[in-house]
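Asker: Got a sequence here, can you model it:
(4 chains, ligands or ions: 4)
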Amino acid sequence: MASDDIDRSTRLALYRSQIEIRLLEKRAYELFLQNLIKGTSHLSLGQEAVAAGFAVAMRPDDYTYCTYRGHSHTLARGAPMLGVLGELMGRRCGLMGGKGGSMHLTSVAHGVMGSYAIVGAHLPVAAGAAWSAQLRGSGQVSLCFFGDGTCNIGAFHEALNFAAVWKLPVIFVCENNQYMEYTPIRSVTAVEHPAADRAAAYGLERIVVDGNDADAVYRKARESIDKARGGGGPSLIEAMTYRTSGHSRADPAKYRPPGELEEWTKRDPIALYRARLLELGFEESELRAMDSAVQRAVDEATEGAKASPTPPLEVIDKDVWADGGSSWRN
Amino acid sequence: MASDDIDRSTRLALYRSQIEIRLLEKRAYELFLQNLIKGTSHLSLGQEAVAAGFAVAMRPDDYTYCTYRGHSHTLARGAPMLGVLGELMGRRCGLMGGKGGSMHLTSVAHGVMGSYAIVGAHLPVAAGAAWSAQLRGSGQVSLCFFGDGTCNIGAFHEALNFAAVWKLPVIFVCENNQYMEYTPIRSVTAVEHPAADRAAAYGLERIVVDGNDADAVYRKARESIDKARGGGGPSLIEAMTYRTSGHSRADPAKYRPPGELEEWTKRDPIALYRARLLELGFEESELRAMDSAVQRAVDEATEGAKASPTPPLEVIDKDVWADGGSSWRN
Amino acid sequence: MAELTYREAVAAGIAQEMERDERVVFLGEDVAAAGGVFKTTVGLLEKFGPCRVRDTPISEQAIVGAAMGAAMTGLRPIAEIMFSDFFGVSWDMIANEIAKARYMCAGQLALPLVIRTANGSGSRFGAQHSQSVENWVMAVPGLKVVAPSNPADVKGLLAAAVRDPDPVIFFEHKGLYATKGEVPDGEHVDRLGTAKVLRQGSDVTIVALAAMVPRALQAAQRLEKEGISATVVDLRSLVPLDTKTLLVETKKTGRLYTVEENPRLCGWGAEIASIVAEEAFYDLDGPIVRITTPHVPLPAADELEDNTVPTVERIVETVRRTAG
Amino acid sequence: MAELTYREAVAAGIAQEMERDERVVFLGEDVAAAGGVFKTTVGLLEKFGPCRVRDTPISEQAIVGAAMGAAMTGLRPIAEIMFSDFFGVSWDMIANEIAKARYMCAGQLALPLVIRTANGSGSRFGAQHSQSVENWVMAVPGLKVVAPSNPADVKGLLAAAVRDPDPVIFFEHKGLYATKGEVPDGEHVDRLGTAKVLRQGSDVTIVALAAMVPRALQAAQRLEKEGISATVVDLRSLVPLDTKTLLVETKKTGRLYTVEENPRLCGWGAEIASIVAEEAFYDLDGPIVRITTPHVPLPAADELEDNTVPTVERIVETVRRTAG
Ligand SMILES: Cc1ncc(C[n+]2csc(CCOP(=O)(O)OP(=O)(O)O)c2C)c(N)n1
Ligand SMILES: Cc1ncc(C[n+]2csc(CCOP(=O)(O)OP(=O)(O)O)c2C)c(N)n1
Ligand SMILES: [Mg+2]
Ligand SMILES: [Mg+2]
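Answerer: Ligands and ions are numbered 1, 2, ... in the order given. Okay, the predicted model is just below:
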């Protein structure tokens, strides 16, 4: 497809989204090192183009379902940086006031219907949201992001068959970053492409896309979203990419074969995209201004989160039930 | 393949096994009507060729894993009719002394490592037995039987991938009898062949076999068992068949489209096999003698089971643990 | 008042709510065209059409997960899990996802959904189709738990469950499906979290649930003849738990017996006994006695199954022996 | 005696048993090449090779199911489920298959297997990676349940679990992995089903498990200073349950407190309180008090998580307030 099928403002949005994710994830990493983020955290460094490409193609009322590796998708839908960083730091200003933590970012106002930390669990849930959209005739599409390792768990299979049989407006996006935690995906999977090579098992088209090319992702996103919105049913898309950080906070990623990281770093999605934009005639200064604006936003969010108090202990007993409380007795 | 690749005694074994299943299942049905079998029971009437074809091809120390629809497989491995009927009737002489019931027939002495009543559960277990055989270098093969509906549950997916990656000596046999309980399988499955159309998702060959032709089943069984025993890894085989009775005791099978039962009855596996044997020069009298012998055995087993006392109440507290008891405290 | 079976009351309750609120949808295995393997949902497909009443593949994770996704996006789904034993294959969805979602996101998501299931023994199905797992669910924060003992409660509590803004696990008892009872005409909606005192006595208080309720009542009648006067409480709901009624009724007699079908260890009886042992200790006149299924899987054969779950005889005998 | 961390004791226990018995095999996610996400199995691949120490796909049903199949055919598998929360996705295998198989077939099958898992809170992982689910397992007949509180017990009880002829669920506590303790040199094998009295007191008996054990001990020290003398019992094993020690130690003081990390309803504390309320009623001098995590999912932020699970302060305060 020609590279001028994507308009100027969309391209800028794609660039900005990637930069936002990159700079915020880097900041998150620094905050770990300062022990201001506790527990665990799963960064999307190197995978920014997937989140950006899809989010920019979505309608504001479409649904996002993602995993513990979901900062990127949450941000890409427009959730505030302060809320994201605040949640990672366990502060009152966090998206969920510190109750969920980094693996469970949720911002319903931005269509982020939850980040799910049990591998595979959100695939059926995303299908259910799509069923709801179908029944309500709302035209909404449900987008579900997960990793290569997730393609080997039972819920993947059930959700794919279910969505295909019911022709649901849901798009399953596998971000194949080559690893399930520390184990190379090929060593535990019977096929080369854990998602795409299984599409036929659900009567779906085999789709592999370059997950480090935001334009390519955006085009596939548009196509599959249009199809779903038009009643054409689900898609399963495998985006090839690579996480350049460890699996989670604790991981030095020593399992990488020599040279692998370097190879993929050459294909850094943001460097590639920046180069393309310059080629297409965007001004270096314009991009630089955007970089700075985003950096300022990240800095501000950081300061804001640091200044935010820790959550009040009363919230421990809140929000189990719709009445706001947690009482199990009269 | 030529029809004389199967020797005479094997053909008789195939015939006999099918007849044993048929007559015993019919008897079980009569015993329901007499309220001598309680609860539920899932007959394999019409599906006899699958159990027979595989069992005759197995080595005595190979493993069978089957479902609640497992009387056929249990018998085909040589478990005594008295034990099977006795278990269905809840008698002391039952294979498990009445503790398991019709859905859980087990006869370890005959390689029947259990009948599993939760759909899909035994697929990973069968893979585990195959792993054990592989590690022990015993040359045993693990055979796992299940229905078309089972291909849509998560455990199917996990077991298939697991077995393929570890190249386990396990054979997954889908008896596609067209229905998951009362629902036509095509209405809930994204592909036409719930098993075979998914073989590629696990890097396996697509295999569909006529499940009403005992010879065809036997040949595929030999081939896949030889392959597994030789270290060639797992197979997934879809045997097309039809159950001519209801799903279970309670089911009048009103959901069948008109004519369907009649069409399949024309392809009754035993009638077909009998005709083939006669064509191949077997004597009618020989077959008739076999029929009678089997009928006598069924009658004897029936009388034996009827005469058997109900289980002693003490067994309620037995055999939770390997020490024979059920104590959870000191 | 019409007389309905427990089984019919299920369909009646679902139909009442589907008529009232078009956001109510229903899915499960063999539930639509076939009307359910227990014939609890006969007629719903015809009445409400294939968009709102849907047959699914054998995919319990997908069924429960779809209900969750639908609930958080504006519908009010009812999912059927054919046997409660199959909570095993959907436990992550129930215990880790549905139960925790609202809490983790500090109330951003609502999950108004019902999971109906056939629970309990008495059908000679063996250990994998006869379990009572109400205690599994009670042990998980974030789930409401209901288990009616009669047709009127089935309809009224099912309606209340559908209208509740939180996830409710609704246990129907297989052994009660064929039983009959009067059900109020017209719209019938009950209240979750309310136990019922079915019988007032002065010597002992017996607390039971679902199929154990008629047994407790029969036992009380027999005990009456022997001069032991028993209060019988039908719990109806485990979460919310009507601790008020429990404590009041226990204090009146000073003796508490629980009769439960789930296996012994960590059953709901243990929870209730512990609440009473802490909060009504000084009102107790003797040990709290739990009458339970022993801690074994359920056997299949008639006599074995019947003698594993608490029987009327066992209740009578236990109370007689200990109430002295 | 060598000093090991709790984490190192896991690998030591597995290695001891793999060396002794070649039927012992080990599988799980990221356990071989990576040595486990908690680094509990470092070095095993190198020592025992890729046939006996194996990385699996993310397929918990397959992992547990494979262990079951291997156990019934002559091996003695140890399966790792990375976090106990993931019992949700393998619950059918654990609760419906492994727990029931031997019973259903009247003893024809043996299932000598161990499922190891990281349980409990304290790591700020949020509600889906911090649960204490030992009560889930205790509630299922057919499973043995172990939860050690220190490195020596980890090694000794793990060895005992591997040698046991029945399925054992082995709960390691995430919050204890970094703690250190003396572990006997040479072969070390402990006994399942035995509680340990860590401290003898005269006023109250405090029963705790896993990470709650050090807290109970600290609380006892503080109470001592306030003039309340506490016995502390480390349960170590929930099934078999050492009711003898529990009853004896409760009778000595007349007051029982349980300190548990699982959420409140139907926890193991309820089981123990109920046993005591029935069997030692007349020896009690006051209410049985359960100190538990409230019945909520776990929050993630530091202060929230720390204040949800029982703290030393809460134990001290509760005993002080009620032991009067
Ligand atoms: C059911 C379940 N099993 C295991 C885990 C532990 N775990 C967390 S992330 C992960 C790897 C997931 O790999 P993949 O799907 O490729 O996603 P990625 O982390 O690479 O984005 C594992 C095994 C889990 N969270 N849930
Ligand atoms: C996990 C689970 N879900 C549902 C059921 C109820 N059930 C029993 S048999 C059956 C249909 C199975 O269909 P299929 O796999 O085609 O086997 P068949 O009965 O036709 O041999 C269902 C849904 C079950 N036993 N386990
Ligand atoms: Mg990955
Ligand atoms: Mg079928």
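Asker: what about the helices in chain A?
Answerer: Secondary structure of chain A by DSSP state H: the helices cover A:8-33, A:48-57, A:71-76, A:81-88, A:122-136, A:154-165, A:214-229, A:260-266, A:269-279, A:284-307.
Asker: you'd agree C:Val37 is in a strand?
Answerer: No - under DSSP: H, G, I helix; E, B strand; the rest coil, C:Val37 sits outside any strand and is assigned coil.
Asker: wait, what's in contact with it?
Answerer: By Cβ atoms under 8 Å, 6 or more residues apart in numbering or on different chains, the contact set of C:Val37 is B:181-182, B:250, C:29-30, C:82. Where you see a C-beta, it was placed from the backbone N, CA and C, and this is true even at glycine.
Asker: what's the distance between the residue positioned nearest the centre of chain A and C:Ser202?
Answerer: Centroid-nearest residue in chain A: A:His73, 3.2 Å away (criterion: Cα atoms, centre = their mean). Counting by Cβ to Cβ, to the nearest Å, the separation of A:His73 from C:Ser202 is 63 Å.
Asker: same deal with A:Ala216?
Answerer: 79 Å.
Asker: again with A:Glu262
Answerer: A:Glu262 is 84 Å from C:Ser202, by Cβ to Cβ.
Asker: So which of those two has more stuff around it?
Answerer: When A:Glu262 and C:Ser202 are compared for neighbours, C:Ser202 comes out ahead with 12 against 9, by other Cβ atoms under 10 Å in any protein chain shown.
Asker: per-residue pLDDT, the more buried one?
Answerer: On pLDDT, C:Ser202 comes in at 98.
Asker: Now for it: which residues touch it?
Answerer: So C:Ser202 contacts C:229, C:231, C:252-253 (Cβ under 8 Å, 6+ apart).
Asker: export these to a markdown table and tack on distance to C:Met93?
Answerer: What follows is the contacts of C:Ser202, written out as a markdown table (distance: Cβ to Cβ, whole Å):
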| residue | distance to C:Met93 |
| --- | --- |
| C:Ser229 | 46 |
| C:Thr231 | 38 |
| C:Lys252 | 42 |
| C:Thr253 | 41 |
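Asker: Run the chain-centre distance for stretch C:25-41.
Answerer: Centroid separation between stretch C:25-41 and its chain, computed with Cα atoms, centre = their mean, to the nearest Å, is 19 Å.
Asker: Can I get it in PDB, CA atoms only?
Answerer: Backbone C-alpha positions of stretch C:25-41 (Å, rounded to 0.1, in the frame of the first residue of the first chain) are rendered in PDB as follows:
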ATOM      1  CA  VAL C  25     -29.600 -12.200  28.200                       C
ATOM      2  CA  PHE C  26     -29.000 -15.900  28.700                       C
ATOM      3  CA  LEU C  27     -26.300 -18.300  27.500                       C
ATOM      4  CA  GLY C  28     -25.100 -21.800  28.200                       C
ATOM      5  CA  GLU C  29     -24.700 -25.300  26.800                       C
ATOM      6  CA  ASP C  30     -27.800 -26.900  25.400                       C
ATOM      7  CA  VAL C  31     -29.900 -24.300  27.100                       C
ATOM      8  CA  ALA C  32     -31.800 -22.800  24.100                       C
ATOM      9  CA  ALA C  33     -33.000 -25.300  21.500                       C
ATOM     10  CA  ALA C  34     -33.000 -28.200  24.000                       C
ATOM     11  CA  GLY C  35     -34.300 -26.200  27.000                       C
ATOM     12  CA  GLY C  36     -31.400 -27.300  29.200                       C
ATOM     13  CA  VAL C  37     -30.300 -30.800  30.300                       C
ATOM     14  CA  PHE C  38     -32.400 -30.400  33.400                       C
ATOM     15  CA  LYS C  39     -35.200 -28.900  31.400                       C
ATOM     16  CA  THR C  40     -35.000 -25.800  33.500                       C
ATOM     17  CA  THR C  41     -35.000 -23.300  30.600                       C
END
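Asker: what's around whichever residue of the stretch 1-150 of chain A sits closest to ligand 4, how many residues?
Answerer: Residue nearest to ligand 4 within the stretch 1-150 of chain A (Cβ to the ion): A:Pro124, separated by 22.5 Å. A:Pro124 has 32 neighbours, counted by other Cβ under 10 Å.
Asker: Up against ligand 3, what does the stretch 51-200 of chain A have?
Answerer: A:147-149, A:177, A:179 (Cβ under 5 Å from the ion).
Asker: Show me the two of the residues you listed that sit farthest apart.
Answerer: Greatest spacing in these, by Cβ to Cβ: A:Gly149 and A:Asn177 (9.2 Å).
Asker: Leaving out chain neighbours, which residue sits closest to residue 184?
Answerer: No chain specified, so I'll use chain A. Spatially, and ignoring its direct neighbours in sequence, A:Pro184 is nearest to A:Gln178 (6.5 Å; Cβ to Cβ, 6 or more residues apart in numbering or on different chains).
Asker: Let me rephrase: I mean chain C.
Answerer: C:Met1 (6.0 Å).
Asker: so who does the one you found touch?
Answerer: By Cβ under 8 Å, 6+ apart, the contact set of C:Met1 is C:182-185.
Asker: my guess is A:Lys227 contacts A:Lys220, does it?
Answerer: No - look at A:Lys227 against A:Lys220 with Cβ atoms under 8 Å: they stay out of range, at 10.6 Å.
Asker: Who has more neighbours out of the two?
Answerer: Each of A:Lys227 and A:Lys220 has its neighbours counted (other Cβ under 10 Å); A:Lys220 has more, 23 against 17.
Asker: what about the stretch 1-150 of chain A, any weak spots by pLDDT?
Answerer: Scanning the stretch 1-150 of chain A for pLDDT under 70 picks out the ranges A:1-4.
Asker: Spell out which parts of it neighbour chain C.
Answerer: A:63, A:95-97, A:99-100, A:104, A:106-109, A:113-114, A:116, A:118, A:121-133, A:135-136, A:140, A:142 (Cβ under 8 Å from any Cβ of the partner chain).
Asker: what about residue 16, neighbour count?
Answerer: By default, I'm working from chain A. A:Arg16 has 18 nearby residues by other Cβ under 10 Å.
Asker: please go with chain C instead
Answerer: C:Gln16 has 20 neighbours, counted by other Cβ under 10 Å.
Asker: Settle it for me: which of A:Gly149 and A:Asn177 has more neighbours?
Answerer: Shown here are A:Gly149 and A:Asn177; by other Cβ under 10 Å, A:Gly149 has more neighbours (28 against 24).
Asker: Good, we can wrap up now.
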